[in-house]
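Engineer: Predicted structure and sequence below. I'll ask about it afterward.
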Amino acid sequence: GFETAGLIGSKTKWARFRSQLQKMGHSLDKINCISCPIGSPEPGKEPQAIAVGIAHRLLQMRRLTESAKDVLNMERGNDGKSAGN
């Protein structure tokens, strides 16, 4: 299994691919873990720009994950630090 995946492609291509995955019997939960087009579109369509867009998106996802963990720790009364720190 996988937590997330990304594909380089257009929205039209993704719609076709998504439909094919559904016809093959893949669950919507797993299909929804796929990002297409991958990355942030702002940098452009050149290979280097796509790489920058992907890196940007991965950093955003990492930041969101860390923020969610911080919120859960605060709700549990655990600041993530060991006693005495």
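Structural biologist: That came through, no problem.
Engineer: residue boundaries of the strands in this structure?
Structural biologist: 5-6, 34-35 (DSSP state E).
Engineer: Can you check which of these gets nearest to Q48?
Structural biologist: Checking the strands of the chain against Q48 by CB to CB gives strand 5-6 as the closest, at 16.8 Å. From N, CA and C alone the C-beta is placed, and that goes for glycine too.
Engineer: what are the pairing partners of that closest one, and which direction each?
Structural biologist: strand 34-35 (parallel) (DSSP bridges).
Engineer: what's the single longest helix in the chain?
Structural biologist: Taking DSSP state H as the criterion, the chain has its longest helix at helix 47-75.
Engineer: quick one: average confidence on that one?
Structural biologist: On average, the pLDDT along helix 47-75 is 87.
Engineer: Could you pull out the buried residues of that helix?
Structural biologist: Neighbour-count burial for helix 47-75, counted by 16 or more other CB atoms under 10 Å, picks out I50, V52, G53, I54, R57.
Engineer: Next: stretch 28-36.
Structural biologist: Under 16+ other CB under 10 Å, the buried positions of stretch 28-36 are I34, C36.
Engineer: Distance from it to the middle of the chain?
Structural biologist: Remark: stretch 28-36 is offset 10 Å from the chain centroid, using CA atoms, centre = their mean, to the nearest Å.
Engineer: same check, this time on stretch 4-12
Structural biologist: Centroid displacement of stretch 4-12 relative to its chain, using CA atoms, centre = their mean, is 11 Å.
Engineer: what pLDDT, on average, does that stretch get?
Structural biologist: 87.
Engineer: Outline the domain layout of this protein.
Structural biologist: 1-38, 40-76 (automatic domain parsing).
Engineer: mind checking the end-to-end distance for the first one?
Structural biologist: Terminal residues of domain 1-38 lie 19 Å apart, using CA to CA, to the nearest Å.
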